[in-house]
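**Q** what would the 3D arrangement of this be:
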Amino acid sequence: MGLDTVEFLIYAEKSFDIKISDAEAGEIYTMGQFSRLCHKKILAKGSNTSESEVFAALCKILHKKFAIQKPIHREDLIVKDLGLE
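**A** Purely as a prediction, here's the structure:
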């Protein structure tokens, strides 16, 4: 996992006030997987945020913090397709 990927993970943790373990992070390959994991953790905290809202927030982080201009899809590979290494 490269520095950009770790930074993305940290931005998501701070944004959603969640913690993602190294083991969980090692199992994340696509944006959809990451969105579902974040959503699961947010729900466990008692929030009623939808998974679509989580995905949109993750996309916003990528657009704003990493200057990714292209549309982001759930099946996009975080490292290969989005260029985070």
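**Q** sketch out the low-pLDDT regions of this protein for me.
**A** When the per-residue scores of the chain are filtered using pLDDT under 70, the ranges that remain are 1.
**Q** for it, which segments count as helices?
**A** Along the chain, the stretches classed as helices by DSSP state H are 3-16, 22-26, 31-44, 51-65.
**Q** adding distance to residue 82 and mean neighbour count, write the ones you listed out as TSV.
**A** Placement of C-beta: from N, CA and C, glycine included. Listed next are the helices of the chain as TSV, based on distance: least, Cβ to Cβ, whole Å; neighbours: other Cβ atoms under 10 Å:
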stretch	distance to residue 82	mean neighbour count
helix 3-16	9	16
helix 22-26	15	11
helix 31-44	8	18
helix 51-65	7	16
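**Q** please list all residues in contact with residue 51.
**A** Contacts here follow Cβ atoms under 8 Å, 6 or more residues apart in numbering; on that basis residue 51 touches 35, 36, 39.
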